[in-house]
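A.B. asks: Dropping the sequence and predicted coords here.
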Amino acid sequence: MGRWPEFVQIKEVGPRDGLQNEKKHVSTADKVHWINMLSDSGVKEIEYSSFVHPKWVPALSDAHEVGQKIKRNPDVRYSALVPNMKGLELALEAGIDGASVFMSASESHNKKNINKSIDETYPILQEVINEAKQAGKHVTGYVSTVFDCPYEGKITPEQVVRVCDRLFEFGVDDISLGDTIGTAVPSQVDQLLDVVLARFSKEKIIMHYHDTRGMAIANIMASMEYGITRFDSSIGGLGGCPYAPGAAGNVATNDVLYLLHGLGIETGMNDKKLQEAALYIQNKLGKTLPSKSLAYTASQL
Ligand code: HMG
Ligand code: MG
């Protein structure tokens, strides 16, 4: 293998991580149309919404209707965020191929985000993972605040591995490691992956970078040096966690594709269709999204 992988797989999280923090209301019909555009872009997985408590994340309170109305492309895995059994039941009714469970490596963020301590969260997720696997679904475990926590500061790789150990023991298929507040620089990625990949196979690890300080692309490069080939990203750079103060959106799918395709790495995704989907949601939100490559393309139209 050369310096870079031949193929990288992107999970599009814009309809979930992107919209969950948006104040402007996007109608269900517009979400459905937008997700259908994304489905046609060659992406292999879309996290289409979140079955959390509607009072906690009002922007995604139509998860059920969205799940029922989107046109399913058989080549795409449609997943959704589920915090507990109630969320899983609703998600299964609406239709999911994958369930994404989530918790944090930091005690305080876990508490703020899902109202439970880390120890209280384990049995809840164990049951969800077990039921989702019984129902034949792919299960991804998100671990948030893997570098820094907005309330506690630095998080050690050992804290992260402790949570990953439990989630793998409960049966998740893979784990997505979240730089929830977008503070990491590549040396932190090295420190974390040195420890994580000494324990788990790189095929089971996904990196999830928020781009608060513009470091996400550098961190993706650092991750690929470790052989990581799976990343989460959000079209246009939409997003942020409502329970992580100061966090910006995910790294923009458009910018990631510009990087990967420029390096000669295949993704199976079509830049033009993604630009169209990004411009569509930018127009619906009535604001300029952070993606630099999107801004450049839009200026050329
Ligand atoms: P809680 O209040 O502790 O829940 O919230 P509870 O279990 O005590 O139940 C209270 C009431 O809520 C009950 O209703 C339940 O039925 C209801 P009542 O009997 O009082 O009428 N309830 C629900 N209703 C609908 N859907 C549900 C559900 N669960 C309970 N799923 C809970 C606990 C987890 C529900 C809440 O804290 C919550 O919804 N949190 C979600 C926060 C969130 O979505 N954060 C953003 C996503 S995470 C993220 O962005 C990070 C990530 O991107 C990775 C990274 O960047 O690091 C993934
Ligand atoms: Mg996130």
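C.D. replies: Yep, it's here. Numbers count the residues shown, from 1 in each chain. Ligands and ions are numbered 1, 2, ... in the order given.
A.B. asks: my read: residue 137 touches residue 97, true?
C.D. replies: Yes: counting by CB atoms under 8 Å, residue 137 touches residue 97, with 6.5 Å between them. For the C-beta atoms, the positions are set from N, CA and C on the backbone; glycine is no exception.
A.B. asks: So which residues on the stretch 201-301 of the chain come close to ligand 1?
C.D. replies: Residues of the stretch 201-301 of the chain found near ligand 1 (CB under 6 Å from any ligand atom) are 208, 210, 241-243.
A.B. asks: Mind checking which of those are buried?
C.D. replies: Buried members of these, counted by 16 or more other CB atoms under 10 Å: 208, 210, 241, 243.
A.B. asks: Tell me the one of the residues of the stretch 201-301 of the chain next to ligand 1 nearest ligand 1?
C.D. replies: residue 241 (3.7 Å; CB to the nearest ligand atom).
A.B. asks: isn't that closest one right next to residue 104, touching?
C.D. replies: No: taking contacts as CB under 8 Å, residue 241 lies outside contact range of residue 104: 9.9 Å.
A.B. asks: which neighbours do the two share?
C.D. replies: The overlap between the contact sets of residue 241 and residue 104 (CB atoms under 8 Å, 6 or more residues apart in numbering) consists of 113, 144, 180.
A.B. asks: Which members of the residues you listed are positioned in helices?
C.D. replies: Assigned to helices by DSSP state H, the following of the shared contacts of residue 241 and residue 104 qualify: residue 113.
A.B. asks: give me the subset of the shared contacts of residue 241 and residue 104 touching ligand 1.
C.D. replies: The subset of the shared contacts of residue 241 and residue 104 within reach of ligand 1, by CB under 6 Å from any ligand atom, is 113, 144, 180.
A.B. asks: Most neighbours of all these, which one?
C.D. replies: Among those, the one with the most neighbours (other CB atoms under 10 Å) is residue 180, at 30 neighbours.
A.B. asks: which stretches of the stretch 51-200 of the chain form strands?
C.D. replies: Secondary structure of the stretch 51-200 of the chain by DSSP state E, counting those that start in this stretch: the strands cover 77-81, 98-104, 138-144, 148-149, 153-154, 174-179.
A.B. asks: what residues does the stretch 1-150 of the chain put near ligand 1?
C.D. replies: 17, 20, 50-53, 56-57, 81, 83-84, 86-87, 102, 113-115, 142, 144.
A.B. asks: I'd like to know how many residues surround residue 284.
C.D. replies: 17.
A.B. asks: how close does it sit to ligand 1?
C.D. replies: Distance from residue 284 to ligand 1, counting by CB to the nearest ligand atom, to the nearest Å: 21 Å.
A.B. asks: which SSE is that residue in?
C.D. replies: helix 271-285 (DSSP states H and E).
A.B. asks: Please list the residues outside that helix that contact it.
C.D. replies: Taking CB under 8 Å, 6+ apart as the rule, helix 271-285 contacts 14, 18, 22, 24, 26, 30, 33-34, 37-38, 40-43, 235-236, 238, 252-254, 257-258, 261, 288-289, 291, 294, 297-298.
A.B. asks: and the residue nearest to residue 238 when sequence neighbours are not counted, what does it touch?
C.D. replies: Using CB to CB, 6 or more residues apart in numbering and skipping the chain neighbours, the partner closest in space to residue 238 is residue 18 (3.1 Å). Counting by CB under 8 Å, 6+ apart, residue 18 makes contact with 234-236, 238-239, 249-250, 281.
A.B. asks: Just put the residues of the stretch 201-301 of the chain next to ligand 1 in CSV and tack on distance to residue 73.
C.D. replies: Listed next are those as CSV, based on distance: CB to CB, whole Å:
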residue, distance to residue 73
208, 23
210, 27
241, 28
242, 29
243, 32
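A.B. asks: tally of neighbours for residue 235?
C.D. replies: 33.
A.B. asks: close enough to count as contact, it and residue 11?
C.D. replies: No: at 11.6 Å, residue 235 does not count as touching residue 11 under the criterion of CB under 8 Å.
A.B. asks: Can I get the strands of the stretch 51-200 of the chain in JSON lines including mean pLDDT?
C.D. replies: Below are those laid out as JSON lines (pLDDT from 0 to 100):
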{"stretch": "strand 77-81", "mean pLDDT": "98"}
{"stretch": "strand 98-104", "mean pLDDT": "98"}
{"stretch": "strand 138-144", "mean pLDDT": "98"}
{"stretch": "strand 148-149", "mean pLDDT": "96"}
{"stretch": "strand 153-154", "mean pLDDT": "96"}
{"stretch": "strand 174-179", "mean pLDDT": "98"}
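A.B. asks: and residue 217, which of those is closest to it?
C.D. replies: Closest of the strands of the stretch 51-200 of the chain to residue 217 is strand 174-179, at 12.4 Å (criterion: CB to CB).
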